[in-house]
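In: 3D, please:
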Amino acid sequence: MLFLMNDWVMQFDQKAMADDLLAYNLREVTFPQVLILGQELYAQDPQLHLRQHVQARRLAALVMAKQPAVNGVLFVAPHPGCNYKDVAVRYCSVGYDMLAQLIKLQETHKSGAWANREVWNKLGYRTGA
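Out: Below you'll find the model as predicted:
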């Protein structure tokens, strides 16, 4: 399974995603609450997806559990330690073929700049890259 978080494509299997979700009572959690959780995490660490892989994978699993069509999310924090309300959040559905291309580019170039150019910037979201 592929998921774009900010400028990085994550790959994980469905069993791992199910294991991540078992810890949560998902009936009680709404999609907006999941996005707020993401804002809170990115307010603490604007590079969460690169530095805290387990938390990023769990956040991605929650997003997909609440909105299965969403496989791309962008959190932009102005600086570490900011108020979570200052973290901009966007989400989208990215075609699997695009995600596959992005992960190959990511593996080759060790950079997520392609994801910014091919997804977020084309959707009109400023990412800094």
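In: rest of the way, CA atoms for contacts and neighbours
Out: Will do.
In: which parts of this protein are helices?
Out: Secondary structure of the chain, counting by DSSP state H: helices at 14-21, 31-44, 48-51, 53-66, 96-109, 113-115.
In: average pLDDT for the first one?
Out: When you say that, I think you mean helix 14-21. Average pLDDT, helix 14-21: 71.
In: can you give me the neighbour number for the closest residue to residue 72 other than its chain neighbours?
Out: Of all residues beyond its chain neighbours, the one nearest residue 72 is residue 4 (4.4 Å), with distances taken as CA to CA, 6 or more residues apart in numbering. Close neighbours of residue 4, defined as other CA atoms under 10 Å, add up to 26.
In: can you name the residues bridging to residue 4?
Out: Taking DSSP bridges, one finds residue 9, residue 72 as the beta-bridge partners of residue 4.
In: who's in contact with it?
Out: 10, 71-73, 99 (CA atoms under 8 Å, 6 or more residues apart in numbering).
In: of all the residues you listed, which two lie farthest apart?
Out: 73 and 99 (12.7 Å; CA to CA).
In: quick one: closest of the helices of the chain to residue 77.
Out: Between those, helix 31-44 lies closest to residue 77; by CA to CA that is 5.8 Å.
In: mind listing what's buried along the closest one?
Out: Judged by neighbour count using 16 or more other CA atoms under 10 Å, the buried positions of helix 31-44 are 34-36, 38-44.
In: about what we covered before: roughly how far does the residue nearest to residue 72 sit from residue 25?
Out: 24 Å (CA to CA, to the nearest Å).
In: then residue 37?
Out: Taking CA to CA, one finds residue 37 at 15 Å from residue 25.
In: could you do residue 40 as well?
Out: Relative to residue 25, and taking CA to CA, residue 40 is found at 19 Å.
In: return the distance of stretch 34-50 from the chain's centre.
Out: 9 Å (CA atoms, centre = their mean, to the nearest Å).
In: mean confidence for that stretch?
Out: Per-residue pLDDT values over stretch 34-50 give a mean of 96.
In: and what of stretch 57-73?
Out: 93.
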